[in-house]
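> predicted model and sequence below, questions to follow.
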Amino acid sequence: MFVSFLMPHIDRGSGPLFHWVMLAQMASFTPDDIAFIGDDAYFDETCIPFGEVLSIGGIQFSVPDRERFRAYRKVVLPADSVGELVERLGTQLDAFKLLLTEVHPPLVAALDKVVEEIGLESQIEAFLTWSNCPALGQVASKLGVPVIHNEVGPLRSPRYIDTFYFDFHGVNGRTESAGWIDEAALRASMDGARMLPADELRGRMLLDLARPEPPKERTPLGIALQVEDDSNSIAFANDWSSIRLISLGLTRYRAEQISIRSHPAARFAYRGGVGAVDSSADSLEFLSCIERLYSINSSTLVEAMFWGVPFVALGDTPIASFSEGAALRPLFERDPDLCLNAFFLAYLMPAELLFNPEYYRWRLEAPRSLAQLHDYHLKTYRAAAPVAALADNRGTAMPMVRGMMPAQWTAAQSIVRKQQHLQALIEEIRSGFNPDLQVARSLELRLEKLQSEADTVWAEKEWFKTRVAELEGALGKARGESETVWAEKEWFKTRNSELEEALGKARGESETVWVEKEWFKTRNSELEEALGKARGEAETLWGEMNWFKTKSADLEAALGKSRGEAETLWTERTWFQARVIELENAIGEARGSAEVVRTEREWFKERATEWEEKFAEAIAALNMQQWQLDEVRKKLAKPLSWRERLRGVVLRDEIKVEVKGDETES
């Protein structure tokens, strides 16, 4: 079972942040496959367009009916788990920043209690979240459960095939790809991937193949600003702000060399003063008009990487590793095919796989290399139906703001409600049509009403303003026409719409076929080249085979000659073996005799040592006797007095000289 964590009790003025995410997950997971944790505003049934089809962020899904909605397990987190933050820090944005970047103990305690009470510990396969939340990460870590972070990707319709982020580390900031710093590790992870050349990759991910023509002179620097209350800005900007970013540009370029683009959904739009105000229709046109891009962590940076526009990323962004001056920038300049395939086809996820249970469980089964992800995603892109059919909805689709689709926006994304709204507007304009300019007055009232709508429906209001202007022009032109011409005109308008729809579909199909044809042409060239190479290798192998045949015959002849020599050597070897045995026997006998001699030698050495000791003692005794004898001789040689002579007659017989073992009279 998956558990979806919906950031609770954070309201930036338009209700729960990830209301549509919950409904999209319900459209993909069964009630047995997923449970939801959030605040009570997420589960308020008055804000849910039951049974309607929504179109959001490039995906369409059916909202469950009321009965199925109630079948899902939904757990409400108490307000005190987060509410204290707002009181202590002062604003919702400060509380949001803390929850995005720090572990909040009360939220950890509330999540622990919820998981324990509903008994999910052993059943959770993964937590799903649309934003970073260290408190959730701590709870998941204790349970040994991964956290899957999803977000709307940087490439979106109508220009591109829609993409989404899938990251086990984080989203918007602290992502896996931002940690890519080792070229060898990246190459190893992409080893075996069937990589596409950069141009073919771009062709596969583009919906609108018409890229804006760059002007003759491009602006040296473009600066892309961001939504002020998005997590990118408040939590992962590395302390950079819009005004500080512009100031950085002014330190390196003159004001007339800078073009500044506000985000389409920004709360505060840049109005000029220190650089030109960009008036491009979209980010792609903006990139075609500049030579270099500065931004904090806008998705425009990813588009710049996609098109090879030099860029500087100052915030914590998924492509930080490829920014100018970053670790992998030299690799991107040397091998753009590797980097583009790794990020856009391996790291980013196709929209078709968002909340796909089979894909999510495949990712959870084992760690997947970038090469495995690349091939899985590439197959998904090839198997997907042509997305050109989305052209029908381009006029009515609201631009997607990443991470922002609260409850009061959700119902506005219903395709049925948009069509009803448009039809009511047309009927209102028609009913007010008269020569006295009632149409103009009706349109003025309608415009005033639209201008009073909240900022959260700003994009839809702008579309309606454009549509009203178009209808006003059409009605003004029709004033002089008769009823017959009016009816005929309406028929032609309908027919024209049908033909345009068919033409758009045909163009999409033809573009798809063209891309496939180009791929097959390239593949055919590769195969022909491989065939030519294989033929050359075959010729080489044939020559080697003939050489080996000749060499084999030579070796056979040499073998016959060597056999005779071997017989002679065998006889000699036998004689030497017998001789060796004889010598070994003799050596054995000699070793035995040597042992006897060695024993006798040791005995004689011991006896010699004893005799040497006795000899030394005898020499010492002899020396003593010699000394005594010398003393006696000295006395005898001395003249004697008469008294001594007379006395000597008496003493002569008493003088004795003792020698060891002998006694001698003197």
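Sure thing, it's come through.
> mind listing what's buried in stretch 289-300?
Neighbour-count burial for stretch 289-300 flags Cys289, Ile290, Arg292, Leu293, Tyr294, Ser295, Ile296, Asn297, Ser298, Ser299, Thr300 (criterion: 16 or more other CB atoms under 10 Å). (Glycine included, C-beta is placed from N, CA and C.)
> burial check on the residue nearest to Ala178 when sequence neighbours are not counted, number of neighbours?
Nearest non-adjacent residue to Ala178, counting by CB to CB, 6 or more residues apart in numbering: Ala320, 4.6 Å away. The tally of other residues near Ala320 (other CB atoms under 10 Å) stands at 23.
> same deal with Pro64?
Residues near Pro64, counting by other CB under 10 Å, number 18.
> could you report the distance from it to Cys339?
From Pro64 across to Cys339, the span is 41 Å (CB to CB, to the nearest Å).
> also Tyr42?
Taking CB to CB as the measure, Tyr42 falls 39 Å from Cys339.
> repeat that for Phe127.
Distance, Phe127 to Cys339, by CB to CB: 30 Å.
> and Gly179, what does it touch?
His169, Ser321 (CB atoms under 8 Å, 6 or more residues apart in numbering).
> tell me the pLDDT of it.
pLDDT, Gly179: 93.
> state the mean pLDDT of the top helix by length along the chain.
Longest helix of the chain, by residue count under DSSP state H: helix 483-637. Computed over helix 483-637, the mean pLDDT rounds to 79.
> now do that helix: which elements does it pack against?
helix 198-205, helix 458-478, strand 656-659 (3 or more CB pairs under 8 Å, 6 or more residues apart in numbering; DSSP states H and E).
> so where is the stretch 151-300 of the chain shaky, pLDDT-wise?
Scanning the stretch 151-300 of the chain for pLDDT under 70 picks out 209-210.
> switch to 50 and redo it
For the stretch 151-300 of the chain, applying pLDDT under 50 flags no range at all.
> what ranges do the strands span in it?
163-167, 221-224, 258-261, 276-277, 293-295 (DSSP state E, counting those that start in this stretch).
> how about residues contacting the host helix or strand of Phe127?
Taking DSSP states H and E as the criterion, Phe127 maps to strand 126-129. For strand 126-129, the surrounding residues in contact (CB under 8 Å, 6+ apart) are 2-5, 7, 25, 34, 136, 140, 145-150, 171, 355, 360, 364.
> now do stretch 59-79: distance to the chain's middle.
In terms of CA atoms, centre = their mean, to the nearest Å, the centre of stretch 59-79 is found 32 Å from the chain centre.
> list the buried residues in it.
Quick answer for stretch 59-79 (16+ other CB under 10 Å): Ile59, Gln60, Phe61, Val63, Pro64, Phe69, Tyr72, Lys74, Val75, Leu77.
> cool, and stretch 368-378?
Ser369, Leu370, Ala371, Gln372, Leu373, His374, Asp375, Tyr376, His377, Leu378.
> nearest residue to the fifth one other than its sequence neighbours?
By that I understand Leu373. Counting by CB to CB, 6+ apart, the residue nearest Leu373 is Ala346, at 4.5 Å.
> residues touching the one you found, list them.
Applying CB under 8 Å, 6+ apart to Ala346 gives the contacts Met190, Ala193, Leu370, Ala371, Leu373, His374, His377.
> apply 6 Å and report the result again.
Leu370, Leu373, His374 (CB atoms under 6 Å, 6 or more residues apart in numbering).
> tell me which element the last one is part of?
Assignment of secondary structure by DSSP H and E places His374 within helix 370-383.
> average pLDDT for that helix?
pLDDT averaged over helix 370-383 gives 94.
> next, the angle helix 198-205 makes with that helix.
50 degrees (axes from the mean of the first three to the mean of the last three CA atoms, to 10 degrees).
> next, the angle helix 483-637 makes with helix 370-383.
Using the same axes, to 10 degrees: helix 370-383 against helix 483-637 is 170 degrees.
> which outside residues touch helix 370-383?
Contacts of helix 370-383 (CB under 6 Å, 6+ apart): Ser189, Met190, Asp191, Gly192, Ala193, Ala342, Leu345, Ala346, Pro350, Glu352.
> send me that helix as PDB with only the CA atoms.
C-alpha atoms of helix 370-383 as PDB (Å, rounded to 0.1, in the frame of the first residue of the first chain):
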ATOM      1  CA  LEU A 370      20.000   5.500 -15.400                       C
ATOM      2  CA  ALA A 371      20.400   3.100 -18.400                       C
ATOM      3  CA  GLN A 372      17.400   1.000 -17.300                       C
ATOM      4  CA  LEU A 373      15.300   4.100 -16.700                       C
ATOM      5  CA  HIS A 374      16.300   5.600 -20.000                       C
ATOM      6  CA  ASP A 375      15.200   2.500 -22.000                       C
ATOM      7  CA  TYR A 376      11.900   2.100 -20.000                       C
ATOM      8  CA  HIS A 377      11.000   5.800 -20.600                       C
ATOM      9  CA  LEU A 378      12.000   5.700 -24.200                       C
ATOM     10  CA  LYS A 379       9.700   2.800 -24.800                       C
ATOM     11  CA  THR A 380       6.900   4.700 -23.100                       C
ATOM     12  CA  TYR A 381       7.400   7.700 -25.300                       C
ATOM     13  CA  ARG A 382       7.400   5.500 -28.400                       C
ATOM     14  CA  ALA A 383       4.200   3.600 -27.300                       C
END
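> what about it, distance to the chain center?
16 Å.
> before we move on, what about stretch 344-356?
The chain centre lies 14 Å from the centre of stretch 344-356; the measure is CA atoms, centre = their mean.
> gap between the two ends of it?
19 Å (CA to CA, to the nearest Å).
> what about the helices in the stretch 201-350 of the chain?
With DSSP state H, counting those that start in this stretch applied, the stretch 201-350 of the chain shows helices at 231-234, 242-252, 283-288, 300-307, 329-334, 336-340, listed in chain order.
> and those as TSV, adding distance to Lys521?
Listed next are these as TSV, based on distance: least, CB to CB, whole Å:
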stretch	distance to Lys521
helix 231-234	41
helix 242-252	44
helix 283-288	27
helix 300-307	24
helix 329-334	27
helix 336-340	18
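> count the residues that sit near Val21.
29.
> tell me the spacing between His263 and His149.
For His263 relative to His149 (CB to CB), the value is 22 Å.
> repeat for Leu221
Leu221 sits 32 Å away from His149, taking CB to CB as the criterion.
> same check on His377?
Distance from His377 to His149, by CB to CB: 17 Å.
> Arg292 too?
Distance from Arg292 to His149, by CB to CB: 30 Å.
> and the helices and strands packed on helix 483-637, which one's lowest on average pLDDT?
strand 656-659 (a mean of 48).
> how close does the residue nearest to Leu206 when sequence neighbours are not counted sit to Phe355?
Leaving aside its sequence neighbours, Leu206 sits nearest to Tyr160 (CB to CB, 6+ apart; 6.0 Å). According to CB to CB, Tyr160 stands 20 Å off from Phe355.
> please apply the same query to Lys634.
Distance of Lys634 to Phe355, given as CB to CB: 131 Å.
> neighbour count winner among these two?
Phe355 (22 against 9).
> ignoring the adjacent residues along the chain, who's closest to Asp80?
Pro106 (6.7 Å).
> again with Thr317
Asn297 (3.6 Å).
> okay but that neighbour is in contact with Ser233, surely?
No - taking CB atoms under 6 Å as the definition, Asn297 is not a contact partner of Ser233, at 8.3 Å.
> between the two, what contacts are shared?
By CB under 6 Å, 6+ apart, no residue touches both Asn297 and Ser233.
> cheers, nothing more for now.
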